[in-house]
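J.: only geometry, no sequence info:
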């Protein structure tokens, strides 16, 4: 959905003087994308009608061109369709119960939430309370061990009361801020699941009950959200698999139609691939307008304060460059970073992105093959040193030379940031990407 809407909006923005025909072509393109994304057809045609009426009949506000105004109308209507307001996530002490059927990504989301709250300075405990799926206990335990998250569970225990009461004891005794319970699932919301959830609810007394729904459900998300809400009450929804599903728009619009607030979206398999859902930011990315706020938040999460301070002071070694490569990976890779930059109508080919990811991998090997002196002072690296680094990293001398060139470009760019030159002139796309060799 993301790339297709960007292409359609980019095509419209390339028109010098868009008229009725271009606006209708834009609306038809949006219709196709939304219907293919499993958004309810009635909602799609209502949205299309409003866009056309406003874009063709309303007076254009002062200071806007017809083209800019049409995109604003599209933006406003998509925000209404997909949620309009961002949910408030409480950062105080609380107990969270996760609900959902099999395959929704509930167990992985439990670990992601524990990591999310830990990054914000809160002590979180992840609890394995799915007594029906044997792999759930081991999956959550392994995720927590891998990412050094606190975990509670009783292997092979079939008494849900004992698990929940045991988790509550640990929660109180060790003074945790956040308790996140991964409850049992089923292939469907049936009477047995409802009774078990009600039992857990009565013992746990959660502050939040969040339903985890897979984006590939599309419009069926409405039925599930309403079913869980009527059965046990839900206070929010987490939509997972937003990175791979073509039906993501359908799931988001269906949740909104059910009056349930989407609070998070899962955007990948990594522990950090969980975002607060903000319809305004999400639609900005859909239309290629970027999401610099989310990009900055992710950058703050992965960047070391001392490193950031050095860079602001103009100090930038090849060790810092190495760290930036790792940070891009932690932020979801180059494609995710570009997604959050305001680049309407600009699309980076997948093969180019794949080549660059491979280049990053080689660069890390090259830097690992350098001496400490070379990392601190790359200017001393001459031809013979380049050849030695290439041999040690299994690469070619010209590839090492390309790494050094990219490092110098990035260093120059950071110096310009410090002097404010980019802020005065406006950062050009080629300048922004050249530091990473794109």
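T.: That came through fine. All values reported here derive from a predicted model rather than from experimental measurement. Residues are numbered from 1 along each chain as shown.

J.: in the stretch 151-300 of the chain, which spans are strands?
T.: Ranges of strands in the stretch 151-300 of the chain, per DSSP state E, counting those that start in this stretch, are 178-183, 208-214, 236-240, 262-266, 274-276.

J.: Give me the below-cutoff pLDDT ranges for this protein.
T.: Across the chain, residues meeting the criterion (pLDDT under 70) sit at 1-3, 58, 245-246, 288-315, 330-350, 352-353, 414-438.

J.: any idea which helix is longest in it?
T.: Secondary structure of the chain per DSSP state H: the longest helix is helix 397-419.

J.: Show me what counts as buried in that one.
T.: By neighbour count on 16 or more other Cβ atoms under 10 Å, the buried set for helix 397-419 is 399-400, 402-404, 406-411, 413-414. Using the backbone N, CA and C atoms, a C-beta is placed for each residue, glycine as well.

J.: chain center to it: distance?
T.: Computed by Cα atoms, centre = their mean, to the nearest Å, the chain-centroid distance of helix 397-419 equals 28 Å.

J.: list the helices and strands it packs on?
T.: helix 318-330, helix 350-368, helix 383-393, helix 421-425, helix 429-434 (3 or more Cβ pairs under 8 Å, 6 or more residues apart in numbering; DSSP states H and E).

J.: could you dump those to TSV with mean neighbour count and distance to residue 250?
T.: As requested, those are arranged in TSV below (neighbours: other Cβ atoms under 10 Å; distance: least, Cβ to Cβ, whole Å):
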stretch	mean neighbour count	distance to residue 250
helix 318-330	18	30
helix 350-368	15	24
helix 383-393	16	46
helix 421-425	11	40
helix 429-434	14	33
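
J.: okay if I get the ones you listed as TSV plus distance to residue 68?
T.: Below are these laid out as TSV (distance: least, Cβ to Cβ, whole Å):
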stretch	distance to residue 68
helix 318-330	32
helix 350-368	29
helix 383-393	49
helix 421-425	23
helix 429-434	20
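
J.: Quickly find the element holding the closest residue to residue 126 other than its chain neighbours.
T.: Counting by Cβ to Cβ, 6 or more residues apart in numbering, residue 126 lies nearest to residue 114, which is 4.5 Å off, once chain neighbours are set aside. For residue 114, the element it lies in under DSSP states H and E is helix 106-119.

J.: which parts of that helix are buried?
T.: For helix 106-119, burial by neighbour count (16+ other Cβ under 10 Å) applies to 106-118.

J.: Just give me the closest of these to residue 203.
T.: residue 110 (17.9 Å; Cβ to Cβ).

J.: Could you report the distance from that closest one to residue 367?
T.: To residue 367, residue 110 is 36 Å away according to Cβ to Cβ, to the nearest Å.

J.: what sits up against stretch 72-80?
T.: Here stretch 72-80 makes contact (Cβ atoms under 8 Å, 6 or more residues apart in numbering) with 9, 26, 30, 47, 50-51, 54-55, 64, 279-280, 283-284, 286-287, 289.

J.: Where do the helices of the stretch 51-200 of the chain begin and end?
T.: Taking DSSP state H, counting those that start in this stretch as the criterion, the stretch 51-200 of the chain carries its helices at 66-82, 106-119, 134-146, 160-173, 191-204.

J.: ignore the last one, the stretch 201-350 of the chain
T.: Counting by DSSP H, counting those that start in this stretch, the helices of the stretch 201-350 of the chain are 220-232, 248-257, 279-286, 292-302, 305-312, 318-330, 334-339, 350-368.

J.: Mind splitting this structure into its structural domains?
T.: For the chain, automatic domain parsing gives the domain ranges 2-82, 94-288, 293-434.

J.: Deepest-packed of the ones you listed, please.
T.: Among those, ranked by average contacts under mean count of other Cβ atoms under 10 Å, first place goes to domain 94-288 (a mean of 20).

J.: Off-centre distance for the helix holding residue 114?
T.: Relative to its parent chain, helix 106-119 has a centroid offset of 13 Å by Cα atoms, centre = their mean.

J.: The spatially closest residue to residue 220 that is not a sequence neighbour and residue 130: what is the separation?
T.: Counting by Cβ to Cβ, 6+ apart, residue 220 lies nearest to residue 254, which is 7.4 Å off, once chain neighbours are set aside. From residue 254 across to residue 130, the span is 25 Å (Cβ to Cβ).
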